[in-house]
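*Asks:* Any chance you can model this:
(chains A and B)
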Amino acid sequence: MNNWNKRGEKYLSVYWFAILVIVAVGISAMVIIFYGKPYDVREIEAGILINKIVDCLSNADGTLNAEINNENFLNKCHLVLGDEYYLEIDPFGIKQGNFNLKDYCGKGESVVCVKRNVYLLDEENREVIIKILSVVGKDA
Amino acid sequence: MRKRFKKANILTENVIFIILNLVFLSILLLFVFSKAGGAAVLEEKYAKQIALIIDSAKPEMKIVLDMEDALGKRDKNWDVKNIVTIDNNIVTVKLREKGGYSYSFFNNVEVIDYFDKEGGKYVFTIKKYCGENE
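*Replies:* Below is the predicted model of the structure:
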C-alpha cells in the first residue's frame, strides 16, 4: 500500500511538470504575439492629415479658401504624399496620392480609410459641405 | 525516529517544490519584461511617435522628447547622435547597428534634430516649410 502511494506521487510530479511546461509555453506565445504585433497608428495619421487639410482649406475667420485647387493643393498645404497616401476632397475635385489605395477601403486591414465632413462658409456666406477621404496604406 | 525522518522528508520536498516554482516564475517574468522593453519595440514606438509629432507640428515649434528608456537600451558603442535621423520625410530610429525602424511623414517641413546632453532629451525644431524663404 505504501509502495502504491509512492508510485502515484511519481506520476503526479510528471503531470505537474507537464502543466508547468504548458503554462510556460502558453504565456510565452501570448507575449510574443502581443509584442510582435506592431503599433498601428495609421488611423491617427489619417486623422492628423484631415486636420491639416481643414486648416489649409479654411481661412482664419472660418471661411473657405477658394484659391486652392488640385494643381496647387500640395504646394499650398505643404504636404508631401508618396505612394502610401491618398486624398480625395469634394467638391473641389482634389485627388492626390496613390489612387489605387481607395479600392482597398473596407476590405481588410491593408489600408486605413477615414472620412470626415466639414462645414465652411463661402464668400457669400453660404454653407459648403466638404467631404474629405484620407487613406493611409502603410504597413501597420 | 522514523516519524521524524518522514516529517523532515515532507518538509524538504515541499521546500524544493516551492523553490522550483519560484525559479520558474522568475524566468517567466524575466522573459516578459525583456520582451516588453526590447530595443526593437522602442525603435518602432519612437519612430512612429516622432513622425506623428512632425506631422502635427508647424514652423517655429520646438519639441522636446524624453527618450530615456530608449537611451538605456542602445548599444554602448552606438553614438547618441545616430539614434534619430530625419531624411527625405522619413524618420529612422536606431538603437543598435543592426537594427532600426523607419516611418515616413507627410508634413513638408524642415526639421532640425539634436540630442541635448545637458537635459538628456532629444530636441526637434520645425524650422520652416520646405521651399519657403525665411
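
*Asks:* how about the closest residue to residue B:44 other than its chain neighbours, what does it touch?
*Replies:* The shortest distance from residue B:44 to any non-neighbouring residue, by Cβ to Cβ, 6 or more residues apart in numbering or on different chains, is to residue B:101 (4.5 Å). For glycine as for every other residue, the C-beta is placed from the backbone atoms N, C-alpha and C. For residue B:101, the contact set (Cβ atoms under 8 Å, 6 or more residues apart in numbering or on different chains) comprises B:40, B:43-44, B:47, B:92-94.

*Asks:* among those, who's most crowded?
*Replies:* For these, the largest number of neighbours (other Cβ atoms under 10 Å in any protein chain shown) sits with residue B:93, at 26 neighbours.

*Asks:* who's that residue bridged to?
*Replies:* Beta bridges link residue B:93 to residue B:84, residue B:101, judged by DSSP bridges.

*Asks:* mind checking how far residue B:120 is from chain A?
*Replies:* Using Cβ to the nearest Cβ, to the nearest Å, residue B:120 is found at 24 Å from chain A.

*Asks:* Show me how the chain divides into domains.
*Replies:* All of this refers to chain A. In the domain annotation for chain A, the residue ranges read A:1-37, A:42-136 (automatic domain parsing).

*Asks:* nope, chain B
*Replies:* B:1-36, B:39-129.

*Asks:* that older thread, turn the domains of chain A into JSON lines, including distance to residue B:73 and mean neighbour count.
*Replies:* Listed next are the domains of chain A as JSON lines, based on distance: least, Cβ to Cβ, whole Å; neighbours: other Cβ atoms under 10 Å in any protein chain shown:
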{"stretch": "domain A:1-37", "distance to residue B:73": "14", "mean neighbour count": "10"}
{"stretch": "domain A:42-136", "distance to residue B:73": "24", "mean neighbour count": "16"}
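
*Asks:* Same list as before, the ones you listed that is, but in CSV and with mean pLDDT included.
*Replies:* Shown next, in CSV, are those (pLDDT from 0 to 100):
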stretch, mean pLDDT
domain A:1-37, 73
domain A:42-136, 90
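
*Asks:* Residue B:46: what's it in contact with?
*Replies:* Residues near residue B:46 by Cβ under 8 Å, 6+ apart: B:65, B:67, B:70, B:84, B:93.

*Asks:* Compare those residues and tell me which has the most neighbours.
*Replies:* residue B:93 (26 neighbours).

*Asks:* Kindly provide the distance from that one to chain A.
*Replies:* For residue B:93, the distance to chain A - Cβ to the nearest Cβ - is 13 Å.

*Asks:* For residue 69, which non-adjacent residue is closest in space?
*Replies:* As the question left the chain open, I've gone with chain A. residue A:92 (6.7 Å).

*Asks:* switch to chain B, that's the one I care about
*Replies:* residue B:42 (6.3 Å).

*Asks:* do residue B:71 as well
*Replies:* Leaving aside its sequence neighbours, residue B:71 sits nearest to residue B:80 (Cβ to Cβ, 6+ apart; 6.9 Å).
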